[in-house]
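**Q** Whatever this is, show me its structure:
(one chain, ligands or ions: 1)
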Amino acid sequence: MHFSIIKKKTNINDLLLEEKKLLVKNIYTTPSYFQNLFNQESIEIDFQHYPDLFREELVRLLCEKEILPHTESLNNLETLHEFLSDEMKAYNFDDGVNKISTYFYDTDENFLNIYYQFIRFLRKNFLREPFWFQATPTLRIHCPNAKNNHHYPRYHSDISYGHPPEEMNIWFPLTKCLNKHGFRTMSLAHSKKILEQFDYNFADFIDNAIHNKPFSNYCDTLSQIVTTEYGKMLAFDSRCIHTGEPLTSHTRISIDIRILPVSQYENMHLQYQGSGRRKVIFEPGHCYHQEHSDNI
Ligand SMILES: [Fe+2]
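**A** Predicted coordinates for the structure are as follows:
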């Protein structure tokens, strides 16, 4: 009889501080999968009619959830804030999430069917190998002049919140870029420099990003506004530091997801887990859909 020994992976949160720092140093000083594949830190690609499909779904859900009276009531999503109460727009200061965005933690079959179509599009046109993908896409609705908007900016890389470095970030707007989207990213070189300044201690970096205003202002000088046009998606190396920032005149709606090549997942020696309230595990059937891109 043959027995195979399945070695349990060490959880990222069980590493000692020095081990964590060494890991982060390694992540930021060796080329990533993204970098090797695309030879750059971010790329923008046209993704055809998908923004229109997501936008239609969003308006339908806004009506079904009785946030909008009827689909014709809205000329454009950039003015959605005019239909929302202050309570819907206000951010929870701790996590920077507003009530209107929480309505989309749960979508429905129709919305998810569009999402799976989009995943198949990515498989064909972006990453030509199977990948795990975020089970529920993150839909964000940012409104101008919302209460507690001083939560932002809150600079971070998703890795600094516990995500695997082998992930790739994908972000796209469902609203037009009216001067800006209220989203900033930092180059990989500057992101590396910042982490080096903190001796690769993520906890110190995050603590300063939240509580040290001069440091946050310094990050403003190193980052750029994202100007990805409606109809395009932005993919970036997960090591790049980024943040949302308050809007003043229009509503920004965007979707962000993370994908992880199956080949990379199989080589991972650690179990990654979110450091937030929900302690999300970055594994299939948890954060990621239980089926990868080729089985949906
Ligand atoms: Fe992020």
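**Q** Any buried residues in the host helix or strand of Ser191, and which?
**A** With elements taken from DSSP states H and E, the one containing Ser191 is helix 188-197. By neighbour count, and taking 16 or more other CB atoms under 10 Å as the criterion, the buried residues in helix 188-197 are Leu188, His190, Ser191, Lys192, Ile194, Leu195. In short, each C-beta sits where N, CA and C put it, glycine included.
**Q** same check, this time on stretch 177-188
**A** Residues Cys177, Lys180, His181, Gly182, Phe183, Arg184, Thr185, Met186, Ser187, Leu188 are the ones in stretch 177-188 that count as buried (16+ other CB under 10 Å).
**Q** any idea which of the residues you listed is closest to Glu57?
**A** Sorting these by distance to Glu57 puts His181 at the head of the list, at 19.8 Å, by CB to CB.
**Q** To which secondary structure element is Ile27 assigned?
**A** Under DSSP H and E, the secondary-structure element containing Ile27 is helix 17-29.
**Q** Tell me which other helices or strands the next helix or strand after that helix touches.
**A** Proceeding C-terminally, helix 17-29 gives way to helix 33-38 as the next helix or strand, assigned by DSSP H and E. Packing partners of helix 33-38 (3 or more CB pairs under 8 Å, 6 or more residues apart in numbering; DSSP states H and E): strand 232-237.
**Q** can you tell me which residues contact Lys193?
**A** Contacts for Lys193 were tallied using CB atoms under 8 Å, 6 or more residues apart in numbering; they are Leu222.
**Q** What separation do you get for it and Ile206?
**A** If you measure Lys193 against Ile206 using CB to CB, to the nearest Å, the figure is 16 Å.
**Q** what about stretch 137-145, start to end distance?
**A** One end of stretch 137-145 sits 25 Å from the other (CA to CA, to the nearest Å).
**Q** Now find how far off-centre it is within its chain.
**A** Distance of stretch 137-145 from its chain centroid, counting by CA atoms, centre = their mean, to the nearest Å, is 12 Å.
**Q** now that stretch: mean pLDDT?
**A** Summarised as a single mean, pLDDT over stretch 137-145 is 94.
**Q** now swap in stretch 169-177 and tell me
**A** Mean pLDDT, stretch 169-177: 96.
**Q** Quick check: buried residues in it?
**A** Asn169, Ile170, Trp171, Phe172, Pro173, Leu174, Thr175, Cys177.
**Q** who's in contact with it?
**A** Residues from elsewhere that reach stretch 169-177, judged by CB under 8 Å, 6+ apart: 47, 50-51, 54-55, 58, 76-78, 122, 158, 181, 183, 226-230, 232-238, 240, 242, 250-259.
**Q** cool, and stretch 246-254?
**A** Outside of stretch 246-254, the residues within contact range by CB under 8 Å, 6+ apart are 58, 77-81, 139-146, 149-150, 152, 171-175, 178, 180-183.
**Q** Then stretch 263-276?
**A** Contacts with stretch 263-276, where a contact means CB under 8 Å, 6+ apart, come from 9-13, 15, 23, 33, 95, 129-130, 132, 161-164, 166, 279-284, 287.
**Q** For PyMOL, write a command that selects the buried ones of the contacts of stretch 169-177.
**A** To isolate the buried members of those in PyMOL, using 16+ other CB under 10 Å:
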select buried, resi 47+50+51+54+55+58+77+78+122+158+181+183+226+228+232+233+234+235+236+237+238+240+242+250+251+252+253+254+255+256+257+258+259
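**Q** Now do the top strand by length along the chain and strand 232-237, the angle between them.
**A** As far as residue count goes, and with DSSP state E defining each element, the longest strand of the chain is strand 252-261. With axes from the mean of the first three to the mean of the last three CA atoms, to 10 degrees as the criterion, the two stretches strand 252-261 and strand 232-237 enclose an angle of 50 degrees.
**Q** Can you mark which positions in the helix or strand following strand 252-261 are buried?
**A** Where DSSP H and E defines the elements, the next helix or strand beyond strand 252-261 is helix 262-267. Judged by neighbour count using 16+ other CB under 10 Å, the buried positions of helix 262-267 are Gln264, Tyr265.
**Q** go on, stretch 14-27?
**A** Taking 16+ other CB under 10 Å as the neighbour-count basis, stretch 14-27 is seen to contain the buried residues Lys20, Lys21, Leu23, Val24, Ile27.
**Q** Quick one: the strands in this structure, in order.
**A** Using DSSP E, the strands found in the chain span residues 10-11, 42-46, 131-133, 138-142, 168-173, 183-186, 223-225, 232-237, 242-244, 252-261, 270-271.
**Q** Would you format those as TSV with distance to Ile210 included?
**A** Below are these laid out as TSV (distance: least, CB to CB, whole Å):
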stretch	distance to Ile210
strand 10-11	24
strand 42-46	25
strand 131-133	29
strand 138-142	19
strand 168-173	20
strand 183-186	16
strand 223-225	16
strand 232-237	22
strand 242-244	11
strand 252-261	20
strand 270-271	25
